[in-house]
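A.B. asks: give me coordinates for this.
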Amino acid sequence: MKNEIVKAGMKIGAAIGGLVFVVFGIMPGFYFGSYGTLILLQKLMGGTVEPTLFVRAAVVMGIVVGIACAAAVSIVVGGLLGTALGFVVSAPAALREKRAAAEKA
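C.D. replies: Numbers count the residues shown, from 1 in each chain. So this is what the prediction gives:
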């Protein structure tokens, strides 16, 4: 029973983490991905970056990576918090079962 509660907590936490990502994570992922790519390209090219096809494609790839990283962090952190909450919720039942087993013996 404890394992089921922990798994349910993990799934609920991951779902809430995904929802938090949709509400709060898309814009920062977009911003940091594009900004980070521009800074990286500026350092690699040694100066200002011209808006060529390569630069635009690299910025799009950076945006995709930034959004994917923000999603992964939100979902993993939500799952971890849900798992921890599942352990907290299942702890009293486990203690009750342990106490009942000790009284039988």
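
A.B. asks: state which helix of this structure is the longest.
C.D. replies: helix 53-104 (DSSP state H).

A.B. asks: if you count contacts, what does that helix end up packed against?
C.D. replies: Helices and strands in packing contact with helix 53-104 are listed as helix 2-20, helix 26-45; criterion 3 or more C-beta pairs under 8 Å, 6 or more residues apart in numbering; DSSP states H and E. Heads up, the C-betas are built off the backbone N, CA and C, glycines and all.

A.B. asks: kindly provide the distance from the spatially closest residue to Val65 that is not a sequence neighbour to Val64.
C.D. replies: The shortest distance from Val65 to any residue other than its chain neighbours is 5.6 Å, reached at Gly33 (C-beta to C-beta, 6 or more residues apart in numbering). Going from Gly33 to Val64 by C-beta to C-beta, to the nearest Å gives 7 Å.

A.B. asks: which of the two has more neighbours?
C.D. replies: Between Gly33 and Val64, Gly33 has the larger neighbour count (other C-beta atoms under 10 Å), namely 22 against 13.

A.B. asks: check contacts around that one.
C.D. replies: With C-beta atoms under 8 Å, 6 or more residues apart in numbering as the criterion, the residues that contact Gly33 are 62-67, 69.
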